[in-house]
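> sequence and computational prediction follow.
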Amino acid sequence: MSWNDRQVQMLRAMGLRLWLPSPEPSPEPSPEPALAPSSHPEPEPGPDAPGRGEALAPALAARGRPVPPTRPTTAPVAAPTVLQPAAAADAGALDWTALRQAVAGCRACGLCESRTQTVFGTGHLQAHWLIVGEAPGAEEDKRGEPFVGASGQLLDTMLQTLGLSRDADGDPAKRAYIANTLKCRPPSNRNPLPAELQQCAPFLQRQIELLQPRIILAMGRYAAQALLRTDAPLGQLRGQVHRMGGRPVVVTYHPSYLLRSPGEKAKAWADLCLAASTLEALPP
Ligand code: URA
């Protein structure tokens, strides 16, 4: 991957200090990261996090009717990668319109009581990239669109650095669809509860089936653990290409964590490069 002036500006906007090749012929620096798992401490620990993943995995596994088998092939830590439909929401046969309506009318968990509106997802319906975040925040709850607050600005900058946007039209190869594991805002932006993740999982599963993205970028541990059905810490999930039904899944930090810990942006950039190079290497 080579960088144009705009991408260099974007990388600087992400807060990254760049080493750029001199105009003289010299070895090109590789922006690609090592594939070895990172050993840094897990970010976004969250006060109510311990044990959450353990409760989530079996709950997701034990529910609903079968969906096409999706198994990670390269991740030693990840179990079969399936988001199973929950009894409360049989989304498996819905088209985009019906799915959006089902999400809007969902009352399967307590979050429906406190939400202003559901946040379905946004972007090109044939986008090659799917970005999965955690849950709507206050701004998203108000506007009904994912990642429109401060972390959304950083996400957009990250996408632009890769030449991507969330526009609903244009070249699908340059488009990202953005969705969350939860479609409703948890009160006071608290962490998602296992039951909420379980109830909402079929919606994201159906979005994946309808979109058929060529690559999935999971941002933050809730997205990564829900998609990969694991309780492994984020630091262990980063730096490798997981598989979900043959589709590559790359894990990176959540943008809100990057806002709190800007020193980690270089690692996030490495994750984006891993995703981009993985996608480039896929057969057409
Ligand atoms: N954080 C998320 O994970 N998703 C959003 O939509 C906004 C903030």
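Looks like it came in fine.
> the closest residue in space to residue 100 that isn't next to it in sequence and the ligand, how far apart?
Spatial nearest neighbour of residue 100, excluding adjacent residues (C-beta to C-beta, 6 or more residues apart in numbering): residue 120 at 5.2 Å. (Each C-beta comes from the backbone N, C-alpha and C, glycine too.) Applying C-beta to the nearest ligand atom, to the nearest Å, one obtains 11 Å for the distance of residue 120 from the ligand.
> which residues in the stretch 101-250 of the chain form strands?
129-133, 176-180, 215-219, 242-244, 247-252 (DSSP state E, counting those that start in this stretch).
> roughly how far is the first one from the heart of the chain?
In this case it means strand 129-133. Distance, stretch centre to chain centre, for strand 129-133: 4 Å (C-alpha atoms, centre = their mean, to the nearest Å).
> what strands line up against that strand, and which way round?
strand 176-180 (parallel), strand 215-219 (parallel) (DSSP bridges).
> pLDDT wise, what is the residue of the stretch 1-150 of the chain found nearest the ligand at?
Using C-beta to the nearest ligand atom, the point where the stretch 1-150 of the chain gets nearest to the ligand is residue 133, with a distance of 2.9 Å. Residue 133 is assigned 98 on the pLDDT scale.
> thinking again about what came up before, and among the strands paired with strand 129-133, the most buried is which?
Mean neighbour count (mean count of other C-beta atoms under 10 Å) peaks for strand 215-219 among these, with a mean of 27.
> does that strand reach the ligand?
No. No part of strand 215-219 sits near the ligand under the criterion C-beta under 6 Å from any ligand atom; the closest distance found is 6.6 Å.
> centre of the chain to that strand, how far?
4 Å.
> quick one: average confidence on that strand?
98.
> tilt between it and strand 247-252?
Here strand 215-219 runs at an angle of 30 degrees relative to strand 247-252 (axes from the mean of the first three to the mean of the last three C-alpha atoms, to 10 degrees).
> for residue 181, which non-adjacent residue is closest in space?
residue 226 is the one closest to residue 181 (C-beta to C-beta, 6+ apart), at 4.8 Å.
> just residue 218 next, same as before
Closest to residue 218 by C-beta to C-beta, 6+ apart is residue 224, at 4.2 Å.
> what sits against the one you found?
218, 230, 234, 237, 251 (C-beta atoms under 8 Å, 6 or more residues apart in numbering).
> mind doing that once more with 10 Å?
Residues near residue 224 by C-beta atoms under 10 Å, 6 or more residues apart in numbering: 53, 78, 132, 134, 181, 216-218, 230, 232-234, 236-238, 242, 249-254.
> look at residue 113 and say how many residues are nearby.
Residue 113: 9 surrounding residues under other C-beta atoms under 10 Å.
> cool, the one 4 residues further on as well?
Applying other C-beta under 10 Å, we find 16 residues neighbouring residue 117.
> any idea of the pLDDT on it?
Here the pLDDT value assigned to residue 117 is 98.
> that one reaches residue 141, doesn't it?
Yes. Between residue 117 and residue 141 there is a contact under C-beta atoms under 10 Å: 6.8 Å.
> joint contacts of these two?
184, 185.
> for this protein, which residues are neighbours of the ligand?
By the criterion of C-beta under 6 Å from any ligand atom, the positions of the chain lying close to the ligand are 133, 134, 135, 136, 137, 140, 146, 147, 149, 151, 180, 256.
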